[in-house]
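[1] no FASTA, just this:
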């Protein structure tokens, strides 16, 4: 069986995406599902491939915030059926100690499975129309396409009444921001959180903080992003404000319990640490590309800093929680989304890089 369908292929680190016909040469193997993609969010991790110094193999079909409908399963052990609506999340081995300890975001094979080549099994089954090999699977998905072959453990079944074409970002970007608040921080009523960067991850954190009853300050340089953060319940604060740590301490009655940095800016990371109260916790979600200098005293008095991957989330638990909050009007993630036809994926990338859209979602 060979299935032909359209996909956005990235052929070099400098080129635009080309929407072309690709071929999938086999049915799902045991433990896999074939999903017809209804929509796929564009995440900055997709775009970071261009700066990966050749570690992410090309040509490839990217896209790792997919959602759609199961059209074929690789046997009864998948736990899914044809017609199920699913949100797709990151890949993991399911066998290492961290996976067995419900910490699959820290899978021993996370980098190799998601970023640097994907699963090696049956790699040659995915080709372009001329028979040229495509990288096996980006984040277990390659969802900038009409179909994706996915390990069933990546998929979370959702209510078919939900707008499936908009749900993909719940599998990564929104999951990361909300998960940092719910899981990594365990924030609740009376806690204070400073969120640095009001993009997709930061605004998801703001929504989650508001839903949890925490007091939130959002820091950004773009007035329109700050206006969104304020609408979602945060006190907005411009990143260029004089004595930024002092302003945050004032707004949080002596310092924030938690801070989340989505910017990877060394200056803002130091500002975040200085804005924490004693024993406060700063979480970083963006990848650092240079040495991080810390100002003297930034980590005094029990303050700590950690990296947070995928919001410390178990997708099968957090995705239903987020859709339930959305249905209750308490996590309005759809207000951050702008949709684009798959044919306009390059426009979506330009708008994402320019910051004129918070979360692009491409619709095959």
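    Perfect, thanks for sending it. Just so you know, these numbers come straight off a predicted model, no measurement behind them. Residues are numbered from 1 along each chain as shown.

[2] Now do the contacts for the closest residue to residue 115 other than its chain neighbours.
    Of all residues not flanking residue 115 in the chain, residue 56 sits nearest, at 6.1 Å (C-beta to C-beta, 6 or more residues apart in numbering). C-beta coordinates here come from the backbone N, C-alpha and C atoms, glycine included. Residues in contact with residue 56 (C-beta atoms under 8 Å, 6 or more residues apart in numbering) are 49, 115, 116, 117, 135, 138.

[3] Please apply the same query to residue 289.
    Residues near residue 289 by C-beta under 8 Å, 6+ apart: residue 264.

[4] what residues does the helix or strand of the chain with the lowest mean pLDDT touch?
    Scoring the helices and strands of the chain by mean pLDDT, DSSP states H and E places helix 44-47 at the bottom, with a mean of 88. If you take C-beta under 8 Å, 6+ apart as the criterion, helix 44-47 is touched by 62, 63, 64, 138, 144, 172, 199, 349, 352, 353.

[5] Would you format those residues as CSV with pLDDT included?
    Shown next, in CSV, are the contacts of helix 44-47 (pLDDT from 0 to 100):
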residue, pLDDT
62, 95
63, 96
64, 96
138, 92
144, 98
172, 97
199, 96
349, 97
352, 93
353, 91
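
[6] So which of those sit within helices?
    Applying DSSP state H to those, the entries found in helices are 349, 352, 353.

[7] Next up, phi/psi of the residue nearest to residue 115, please.
    phi -90, psi 120 (degrees, to the nearest 10).

[8] Any chance of CSV for the contacts of residue 56, columns distance to residue 274?
    Listed next are the contacts of residue 56 as CSV, based on distance: C-beta to C-beta, whole Å:
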residue, distance to residue 274
49, 34
115, 32
116, 36
117, 40
135, 42
138, 38
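
[9] for the least confident helix or strand of the chain, which positions count as buried?
    45, 46 (16 or more other C-beta atoms under 10 Å).

[10] If you rank the contacts of residue 56 by neighbours, which is first?
    The residue in the contacts of residue 56 with the most neighbours, by other C-beta atoms under 10 Å, is residue 138 (28 neighbours).

[11] Please give the number of neighbouring residues around the closest residue to that one other than its chain neighbours.
    Using C-beta to C-beta, 6+ apart and skipping residues adjacent in sequence, the residue nearest residue 138 is residue 62, 4.9 Å away. Residue 62 has 27 neighbours, counted by other C-beta under 10 Å.

[12] just residue 211 next, same as before
    Neighbours around residue 211, by other C-beta under 10 Å: 20.

[13] Tell me which helix or strand comes right after the helix or strand in which it is found.
    In this structure, residue 211 sits in helix 200-212 according to DSSP states H and E. As assigned by DSSP H and E, the chain's next helix or strand after helix 200-212 is strand 215-220.

[14] Partner strands of that next one, with direction?
    Paired with strand 215-220 in the same sheet, following DSSP bridges, are strand 192-196 (parallel), strand 235-238 (parallel).

[15] Can you spell out which helices and strands pack onto the helix or strand hosting residue 177?
    Here residue 177 sits within helix 173-179, counting by DSSP H and E. When contacts are defined as 3 or more C-beta pairs under 8 Å, 6 or more residues apart in numbering; DSSP states H and E, helix 173-179 packs onto helix 200-212, helix 315-327.

[16] Pick the most buried one from those.
    helix 200-212 (a mean of 28; mean count of other C-beta atoms under 10 Å).

[17] May I see the contacts of residue 56 organised as CSV, with secondary structure added?
    Output for the contacts of residue 56, formatted as CSV (DSSP: H, G, I helix; E, B strand; the rest coil):
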residue, secondary structure
49, helix
115, coil
116, coil
117, coil
135, coil
138, helix
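
[18] so which one among these has the lowest pLDDT?
    Model confidence across the contacts of residue 56 bottoms out at residue 117, which has 69.
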